[in-house]
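Trainee: got a predicted structure here, sequence first:
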Amino acid sequence: MKFNPDADLDTSGVEDTRGSGGGGGRLPGGMIPVGGGIGGIILLVVILLLNGGLPGGDSGSQEPSVRNTAAGNLDSCKKGTDLQDNPDCRFVFYQNSIEGFWAAELPRRGKKYTRAPMRVFDGSVSTGCGPATSAVGPFYCPPDKRVYLDLGFFQTLQSELGAKGGNFAEAYVVAHEYGHHIQNLYGILGRIKTRNGPTSDSVRSELQADCLAGIWTNHATTVPDKDGDTFISGLTEDDIARGLDAAAAVGDDRIQEKTQGQVNPESFSHGTAEQRMRWFKAGMDSGDMNACDTWSANPL
């Protein structure tokens, strides 16, 4: 994944609250975040409990950038060249490119786009859905229209969920959460009534968010900054493979097999590894929102 050193980065949509505390506890009933943990809130919590919290150490990835270096606050990320001193600036690249794409795409379709800040935290955070901890994983909160991200999740994605990791695996996760924001703007999240089962509304919503992440991927190297320079100047076949691998790693069947030793489709909430890869690829291959109608798809 090639980041453009000439890009102008905009941190107005990124809130870095790491080190500030923020409030723990669990999300109260009725205030449900979307896409928690990418692979399911409860299952990720099981993983973290079994391993005594967020895992640390070397994940074995060939891309050291997947580690949370905490090199500096994201507010300092103003130019593409800042990535050299602060590797975490890559998350500003992701956010700027993803939101930049949707901010242009939705008006082209006659729909107003409302911004969704990305709040980076560690440990715990207060949200419009209630207080949350890192165990929830990345999630989107509809009431306050924010994407929440603890960078330590990407260590978990590799060391506990078996993903290869890499920059584009991270970008896929962020794009998936912004997919939920697009759903929220269209009122789709209000359709979610059934939350468990292989054809549940929750599964359909999560697979659609994967497809929307794929749509951004199709256009990722064309999204410009305010001066017309692209944020991301290149994606390789390896990048795409890592994105698909991350999508598979967070399939319900993969996670249940790792945490429970067996698969129970009736408790699915996000879709299987195969489904997640297939819908991500559907969006990526088409670049068109019309390819993401998981609500009518039968079978999924």
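Mentor: Looks like it arrived, so ask away.
Trainee: contacts only, for residue 248.
Mentor: Shown in contact with residue 248 (C-beta atoms under 8 Å, 6 or more residues apart in numbering): 163, 254, 273-274, 276-277. No exception for glycine: its C-beta is placed from N, CA and C like everyone else's.
Trainee: list the buried ones in the helix or strand hosting it?
Mentor: Assigned by DSSP states H and E, residue 248 belongs to helix 237-249. Residues 239-240, 242-249 are the ones in helix 237-249 that count as buried (16 or more other C-beta atoms under 10 Å).
Trainee: same for whichever helix or strand comes after that helix, what does it pack against?
Mentor: Using DSSP H and E, the helix or strand that follows helix 237-249 towards the C-terminus is helix 252-260. Helix 252-260 sits against helix 41-50, with contacts defined as 3 or more C-beta pairs under 8 Å, 6 or more residues apart in numbering; DSSP states H and E.
Trainee: for the helix or strand following the helix it packs on, give me every contacting residue.
Mentor: Tracing the chain C-terminally past helix 41-50 and defining elements by DSSP H and E, one meets helix 90-108 next. Outside helix 90-108, the residues that touch it by C-beta under 8 Å, 6+ apart are 3, 7, 9-11, 13-14, 65, 74, 77, 80, 83, 112-113, 115-116, 118, 120, 149, 151, 167, 170-171, 174-175, 178, 181-182, 185, 215-216, 219-220, 223-225, 231-232, 289.
Trainee: repeat that for stretch 283-292.
Mentor: With C-beta under 8 Å, 6+ apart, stretch 283-292 has contacts from 105, 109, 208, 210-219, 240, 279, 282.
Trainee: which two in these are spaced the farthest apart?
Mentor: Taking every pair in the contacts of stretch 283-292 and measuring C-beta to C-beta, the maximum separation is 25.3 Å, between 109 and 240.
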